[in-house]
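**Student:** Build me a model from this:
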Amino acid sequence: MPTIHASVRQLDHSASLADVRDHQLTIDRPEAKGGQDKGPMGGEALLMGLGGCFMSNLLAAAQARDIALSDARADIEGDLADAPPRYTAVRMRVSADCEPASELAKLVTIAERGCIVANTLRPAVELSVECVQT
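**Tutor:** Numbering: from 1, shown residues only. The predicted model follows:
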């Protein structure tokens, strides 16, 4: 199996810079938590990563099947526990304009099954993905 390499290095007293391939993401804490709000917190980036991974698979599935998909959106929310701090549940609601509309649920299922992040999180937290018709 291939291995993905990423690195995270300190920028200053609260922020860090994550690198993967030729891409970077600044990670920080909000000012209310002693940060400078230069970017999302790591836990927020995890939710963004889930959405990005899922969306990449959704768009690829539509393209491979010549299904017209536009205005695709994944809204993700995570329920936090504090001892230890972690997500206890993550929900993703997916909507898009799809032609034919009847294919959206199938595309969502394909994307969910192919999403590395969803497949990693599912055994650890209650993860649900909902297809919302627009």
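
**Student:** now P123, what's its secondary structure?
**Tutor:** Of the three states, P123 takes coil under DSSP: H, G, I helix; E, B strand; the rest coil.

**Student:** Ramachandran angles for it?
**Tutor:** phi -70, psi -20 (degrees, to the nearest 10).

**Student:** strands paired with the worst-scoring helix or strand of the chain on mean pLDDT, and their directions?
**Tutor:** Ranking every helix and strand in the chain by mean pLDDT, DSSP states H and E puts strand 126-133 at the bottom, with a mean of 92. Sheet pairing here is set by DSSP bridges, and for strand 126-133 it gives strand 85-99 (parallel).

**Student:** how about the strand it pairs with: buried residues?
**Tutor:** Of the residues in strand 85-99, 87, 90, 92, 94-96, 98 count as buried by neighbour count, 16 or more other Cβ atoms under 10 Å. For glycine as for every other residue, the C-beta is placed from the backbone atoms N, C-alpha and C.

**Student:** Next: stretch 116-124.
**Tutor:** Within stretch 116-124, the residues that count as buried by 16+ other Cβ under 10 Å are 117-118, 121.

**Student:** how much distance is there from that stretch to the middle of the chain?
**Tutor:** Here stretch 116-124 shows a centroid-to-chain-centroid distance of 11 Å under the convention Cα atoms, centre = their mean, to the nearest Å.
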